[in-house]
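**Q** give me coordinates for this.
(one chain, ligands or ions: 1)
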Amino acid sequence: MPVEPVRSIAIVGGGTAGWLTAATLAHFLKALGCRIRLIESAEIGTVGVGESTIPPIIEHLASLGIDENDVVRKTQASFKLGIEFKDWTHPGHSYMHPFGLTGGQRNGVDFTAYWLKCRESGTAAPLEEHSLTAVAARRASFMRPVKLANSPLQNITYALHLDASLLAAYLRAYAQARGVTRTEGKVRHVALRPEDGFIESITLESGERIEADLYIDCTGFRGLLIEGALKTGYEDWTHWLPCDRAMAVACERRGALSSHTRALAREVGWQWRIPLQHRVGNGYVYCSQFIEDEQARDILLSGLEGPALRDPLPLRFTTGRRRLCWNKNCIAIGLSAGFLEPLESTGIHMIQRGAVLLLWLFPDRHFRQADIDRYNRHMAFESERIRDFLVVHYSQTQRAGEFWRYCRETKLPESLQERLELFRSYGRIIREGTELFTEQSWFYILNGQGVRPEGYDPRADDTPAPQAQQLLDHTRSVVARCAAAMPAHQDFIAQHCAAPLPMG
Ligand SMILES: Cc1cc2nc3c(=O)[nH]c(=O)nc-3n(C[C@H](O)[C@H](O)[C@H](O)COP(=O)(O)OP(=O)(O)OC[C@H]3O[C@@H](n4cnc5c(N)ncnc54)[C@H](O)[C@@H]3O)c2cc1C
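**A** Presented below is the predicted three-dimensional model:
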């Protein structure tokens with residue numbers, strides 16, 4: 001069968017998903033001469049709360065040729081070195097999930113195995129003291145990596161906290177400058193081809209009819225094309241991740257500009273704190289079975305560090321995934337493809353993955369099923385593994401209260417159960433395929449949540465205990481010295497990428 005190129009793409013929805021997808025396709029498909037059109041409705045608006053990201057965004061923006069300092073300035077962004085989980089194991093407890101690598105490997109054995117070995121004999125300092133990003137985050141410091149052989153300063157791994165609406169506007173300007181056309185309007189009807197059920201056209205409230213070869217559904221929770229028209233179905237994960245609502249509000253910042261996101265466990269869920277240059281984003285993610293909206297709102301407002309800048313925005317969601325992200329000639333990207341709560345800041349990342357995987361498996365007008373199946377398998381696998389990662393936070397805790405007891409007693413997904421069993425023996429984690437979180441990320445969370453392995457990787461006995469301890473002590477002191485040499489986050493931004501002061 002000769003290739004019949006895709007001539008036109010219609011992206012419906014102009015939130016982070018719509019514009020990030022448009023920007024990515026416009027950049028990487030420019031030589032194909034394919035028309036890309038994005039339809040969005042100002043009347044409906046966007047969710048506009050995705051503000052904390054993870055390190056792959058840095059690489060993705062660079063792959064689009066976007067200047068990082070420019071995007072930081074224009075989205076009032078700050079830098080992020082990890083997430084602090086406060087009160088998750090029990091009130092008063094705190095641990096970091098830092099980005100990047102802690103300590104590296106020795107003879108193919110991970111640093112964490114030597115750390116477990118020393119902990120068994122009671123001599124290991126807390127794990128995070130061996131991580132440069134964790135220590136720097138605790139000090140509110142930041143700098144980008146520098147070329148310095150044998151120094152952890154060359155491996156600083158980071159992400160951004162950014163204003164989601166400003167990011168969408170930034171990407172919109174980028175995509176439009178690369179030929180994406182924008183149509184303001186509300187989609188009223190989606191017509192399917194009678195012979196095979198593919199999407200034939202969409203009609204706007206204005207009466208305009210738009211046809212394309214490929215449709216990308218970025219309509220958010222509505223899933224107007226993938227669900228409304230194609231009835232693809234949704235796998236509900238609420239029994240594992242029961243939070244189904246959030247209240248979000250920005251407030252004035254008090255104190256130094258921190259370089260990490262904070263996730264604070266609450267009686268019925270948790271509260272985020274995301275520091276931007278000119279404000280702090282806050283939100284309470286909770287479960288409506290256990291708390292009323294008004295109460296959640298009061299808890300959120302009473303825990304802010306500075307005056308709220310507007311009324312809290314209520315949001316509702318159902319955690320889970322679309323059964324197929326790609327169905328016929330329609331691909332769902334963003335909230336239309338599923339929702340995993342923002343505890344590990346994975347929403348924008350999954351948009352990136354959706355767009356990049358689409359490029360890898362970019363179809364022609366034959367829409368071969370093998371490509372579609374592969375795409376769906378990849379997206380399902382990646383979101384299931386993130387789901388498991390999130391479930392650990394809720395299930396492995398000693399917190400009191402009805403909500404936390406429910407989380408602790410819920411039967412875990414089989415894939416997570418298996419992983420926990422493996423970890424509980426020798427502290428081993430095996431990362432599979434394209435799953436997002438590294439072995440060390442899993443280690444930090446499992447260890448932080450108080451899961452204790454019975455032993456350590458027997459291969460760590462290649463190093464006698466005193467030398468293993470020396471390895472830890474050396475790593476810890478190098479990390480402390482490097483962190484002390486890093487500038488305050490606020491100063492780094494002032495020097496390289498300060499946003500202009502907001503008007504008014
Ligand atoms: C409480 C919460 C906190 C979050 N925090 C984070 C975080 O910290 N980090 C992170 O990475 N992610 C986070 N996310 C996820 C992130 O917000 C989303 O992934 C991101 O905003 C993408 O949204 P979207 O573009 O898919 O949908 P939306 O923002 O809802 O955009 C939908 C678009 O579709 C358009 N549309 C809908 N219907 C029609 C129609 N009939 N006709 C025309 N246009 C239409 C709308 O106008 C809009 O432009 C969070 C999500 C929630 C709910």
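**Q** now residue 486, nearest residue through space, not along the chain?
**A** The shortest distance from residue 486 to any residue that is not its chain neighbour, by Cβ to Cβ, 6 or more residues apart in numbering, is 4.0 Å, and that residue is residue 141. C-betas here are computed from N, CA, C, even on glycine.
**Q** now swap in residue 366 and tell me
**A** Sequence neighbours aside, residue 1 is the residue nearest to residue 366 in space, at 6.0 Å (criterion: Cβ to Cβ, 6+ apart).
**Q** distance of the one you found relative to residue 114?
**A** In this view, residue 1 and residue 114 are 56 Å apart by Cβ to Cβ, to the nearest Å.
**Q** more neighbours, the two?
**A** Comparing residue 1 with residue 114 by neighbour count (other Cβ atoms under 10 Å), the higher total belongs to residue 114, at 27 against 6.
**Q** the more buried one contacts residue 463, correct?
**A** Yes - contact status for residue 114 versus residue 463: in contact at 6.5 Å, counting by Cβ atoms under 8 Å.
**Q** shared neighbours of those two, anything?
**A** Overlap between the contact sets of residue 114 and residue 463, as judged by Cβ atoms under 8 Å, 6 or more residues apart in numbering, is given by 106, 471.
**Q** sorry, back to before: quick one: pLDDT of the residue nearest to residue 366?
**A** Per-residue pLDDT puts residue 1 at 82.
**Q** equivalent analysis for residue 502, please.
**A** If you check residue 502, the pLDDT there is 67.
**Q** what of residue 45?
**A** As summarised for this prediction, residue 45 has a pLDDT of 89.
**Q** beta partners of residue 106?
**A** Beta bridges link residue 106 to residue 109, judged by DSSP bridges.
**Q** any idea how many residues pack against it?
**A** 17.
**Q** surely it and residue 468 touch.
**A** No - between residue 106 and residue 468 no contact is recorded; they are 9.1 Å apart, counting by Cβ under 8 Å.
**Q** buried ones in the helix or strand containing residue 425?
**A** In this structure, residue 425 sits in helix 414-426 according to DSSP states H and E. The neighbour-count check on helix 414-426 (16 or more other Cβ atoms under 10 Å) flags 415, 416, 419, 420, 423, 426 as buried.
**Q** could you find the closest non-adjacent residue to the first one?
**A** Just to be clear, that refers to residue 415. Closest to residue 415 by Cβ to Cβ, 6+ apart is residue 388, at 5.6 Å.
**Q** show the contacting residues for the closest residue to residue 129 other than its chain neighbours.
**A** Here the nearest residue to residue 129 in space, its sequence neighbours aside, is residue 476; by Cβ to Cβ, 6+ apart that works out to 5.2 Å. Taking Cβ under 8 Å, 6+ apart as the contact definition, residue 476 lies against 125, 129, 130.
**Q** ok, now which ones touch the last one?
**A** It refers to residue 130. Contacts for residue 130 were tallied using Cβ under 8 Å, 6+ apart; they are 102, 103, 111, 115, 472, 475, 476, 479.
**Q** in three-state terms, label the closest residue to the ligand within the stretch 351-500 of the chain for me.
**A** Using Cβ to the nearest ligand atom, the point where the stretch 351-500 of the chain gets nearest to the ligand is residue 351, with a distance of 5.8 Å. In terms of secondary structure, residue 351 is helix; the call rests on DSSP: H, G, I helix; E, B strand; the rest coil.
**Q** what do you get for residue 356?
**A** With three-state DSSP as the basis, residue 356 sits in helix.
**Q** could you export the helix holding residue 425 as CSV, CA atoms only?
**A** C-alpha atoms of helix 414-426 as CSV (Å, rounded to 0.1, in the frame of the first residue of the first chain):
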residue,chain,number,x,y,z
GLU,A,414,-0.9,-6.5,41.4
SER,A,415,2.0,-4.7,39.7
LEU,A,416,2.6,-2.7,42.9
GLN,A,417,2.1,-5.6,45.2
GLU,A,418,4.9,-7.4,43.3
ARG,A,419,7.2,-4.4,43.5
LEU,A,420,6.7,-4.0,47.2
GLU,A,421,7.4,-7.7,47.8
LEU,A,422,10.7,-7.4,45.8
PHE,A,423,11.6,-4.3,47.7
ARG,A,424,10.8,-5.8,51.1
SER,A,425,13.3,-8.6,50.7
TYR,A,426,16.6,-6.8,49.7
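**Q** helices and strands around whichever helix or strand comes after that helix, which ones?
**A** Counting by DSSP H and E, the element after helix 414-426 in chain order, helix or strand, is helix 439-448. Under the contact criterion of 3 or more Cβ pairs under 8 Å, 6 or more residues apart in numbering; DSSP states H and E, the helices and strands touching helix 439-448 comprise strand 94-98, helix 111-120, helix 369-395, helix 414-426.
**Q** list the buried residues for the helix or strand following helix 439-448?
**A** Next along the chain after helix 439-448, taking DSSP H and E as the criterion, comes helix 465-485. Buried positions in helix 465-485, judged by neighbour count with 16+ other Cβ under 10 Å: 468, 469, 471, 472, 475, 476, 478, 479, 482, 483.
**Q** format those residues as TSV; extra columns: distance to the ligand.
**A** Formatted as TSV, the entries for the buried residues of helix 465-485 read as follows, by distance: Cβ to the nearest ligand atom, whole Å:
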residue	distance to the ligand
468	38
469	39
471	35
472	33
475	31
476	31
478	32
479	27
482	28
483	25
